[in-house]
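**Q** Starting from these lines, generate the structure:
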Amino acid sequence: MIHVGDCLEVMRGMAAGSVQTCVTSPPYFGLRDYGVAGQIGLEDTPAEYVARLVAVFREVRRLLRDDGTLWLNLGDSYATDSKWGGSTGGKAAAALHGLGGGGRNKTATGLPDKNLIGIPWRVAFALQEDGWFLRQDIIWAKPNPMPESVTDRCTKAHEYLFLLSKSPRYFFDMEAIKEPAAGINNYPPQGGPVPGAPAQSRLRPAVPRGGFDGKTNALPGREAFRATSEKRHKRSVWNVATTPFKEAHFATFPEQLIEPCILAGSPAGGLVLDPFMGAGTTAVVAERLGRQWLGCELNPEYAAIAEARLRVAQPSLSFGDVA
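**A** As a prediction, this is how the structure comes out:
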């Protein structure tokens with residue numbers, strides 16, 4: 001279901017404890033004027049921006065089940081006198097986020113020019129202070145970052161994805177997101193040692209050299225090795241390319257970034273919430289993975305984009321209850 005309106009007001013009318021997981025990416029600080037009254041992201045200071053997000057996610061926490069989680073993607077901003085101070089800097093930030101005009105420089109932080117504001121961590125620590133359990137910072141590494149013209153720092157090629165929980169014990173399906181290991185004994189499927197690692201460096205000795213064990217039939221003077229698992233726990237650096245969505249003139253979640261969040265954060269049939277729905281990527285992935293979903297979007301034009309996208313992805317869906 002898509003709710004059109006202010007997400008805070010919409011969520012206040014929802015039943016507590018009904019949502020399994022929330023996967024979302026709020027508007028970044030100081031990057032874009034979405035042309036709708038009440039939007040988040042154009043506050044005068046980072047403190048005001050953080051306070052508004054804390055209020056939103058306090059309501060999200062009320063909606064979550066006791067074993068629920070929040071997966072929160074945030075980009076950073078720079079203190080700058082230029083028009084844009086986004087996570088990728090200057091004109092590149094405007095191009096990446098579809099900034100055509102009407103925006104304002106909102107990085108009036110009191111910091112000297114060129115300082116990285118640290119928006120993601122300011123929000124994460126504020127949520128922690130408000131009662132959330134800050135469980136992990138996941139790095140979204142972009143193999144195709146937007147080029148930058150700056151010459152006194154590295155090109156920005158990552159964003160943060162925070163995992164927060166309502167309680168110390170929560171639903172998390174690690175098996176659903178395990179990654180393929182390099183193969184039996186951690187060798188690549190095509191053969192040969194793992195690139196960058198000495199041969200057999202990841203094999204686990206089962207019998208010391210020179211010993212004998214009837215269980216393994218190891219010969220004296222040789223080592224016996226046992227095979228490691230074909231899968232491993234998912235790591236905290238996710239390499240996911242950005243993917244354009246031509247119908248939307250703003251940045252959208254890559255589906256590959258959202259999929260592990262939904263798989264790990266909810267069982268089949270669980271309810272997934274996105275209070276900043278945008279183009280509806282969270283709903284598209286949730287629908288594909290057999291989860292229920294609901295979303296809020298302040299801008300009616302963007303809600304229409306999300307609805308059209310969902311109709312293409314799932315033609316059988318009914319949108320008679322779009323609010």
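**Q** going forward, measure contacts between C-alpha atoms and count neighbours the same way
**A** Noted.
**Q** after the helix or strand residue 59 falls within comes which helix or strand?
**A** Per DSSP states H and E: residue 59 is located in helix 46-63. Once the chain leaves helix 46-63, the next helix or strand it forms, by DSSP H and E, is strand 64-74.
**Q** Just the C-alphas of that following strand, formatted as PDB.
**A** Taking Å, rounded to 0.1, in the frame of the first residue of the first chain, the C-alpha atoms of strand 64-74 are listed here in PDB:
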ATOM      1  CA  LEU A  64       8.200  -2.300  14.600                       C
ATOM      2  CA  ARG A  65       7.700  -5.600  16.300                       C
ATOM      3  CA  ASP A  66       9.900  -6.200  19.300                       C
ATOM      4  CA  ASP A  67      12.200  -8.200  17.100                       C
ATOM      5  CA  GLY A  68      12.100  -5.700  14.300                       C
ATOM      6  CA  THR A  69      15.000  -3.900  12.600                       C
ATOM      7  CA  LEU A  70      15.800  -0.700  10.700                       C
ATOM      8  CA  TRP A  71      18.100  -0.600   7.700                       C
ATOM      9  CA  LEU A  72      19.000   3.100   7.100                       C
ATOM     10  CA  ASN A  73      21.000   4.400   4.100                       C
ATOM     11  CA  LEU A  74      22.500   7.900   4.400                       C
END
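**Q** Any buried residues in stretch 1-20, and which?
**A** Neighbour-count burial for stretch 1-20, with 16 or more other CA atoms under 10 Å as criterion, is recorded at 1-8, 10-11, 18-20.
**Q** same question, stretch 159-177
**A** 159-167, 170-173, 177.
**Q** What mean pLDDT does that stretch get?
**A** Mean pLDDT, stretch 159-177: 98.
**Q** for stretch 238-257, same thing?
**A** Taken as a whole, stretch 238-257 has an average pLDDT of 82.
**Q** Just the endpoints, please. Distance across that stretch?
**A** One end of stretch 238-257 sits 8 Å from the other (CA to CA, to the nearest Å).
**Q** Distance from the chain centre to it, please.
**A** 11 Å (CA atoms, centre = their mean, to the nearest Å).
**Q** Equivalent analysis for stretch 163-180, please.
**A** 14 Å.
**Q** cool, and stretch 50-63?
**A** With CA atoms, centre = their mean, you get 17 Å for stretch 50-63.
**Q** outside of that stretch, which residues touch it?
**A** The contact list for stretch 50-63, computed with CA atoms under 8 Å, 6 or more residues apart in numbering, reads 7-8, 11-12, 14-19, 22, 40, 122-123, 126-127, 130, 166.
**Q** Can you flag which of those belong to strands?
**A** 19, 22 (DSSP state E).
**Q** The stretch 51-200 of the chain: strands as residue ranges?
**A** Taking DSSP state E, counting those that start in this stretch, the strands of the stretch 51-200 of the chain run over residues 64-74, 133-141, 158-165, 179-180.
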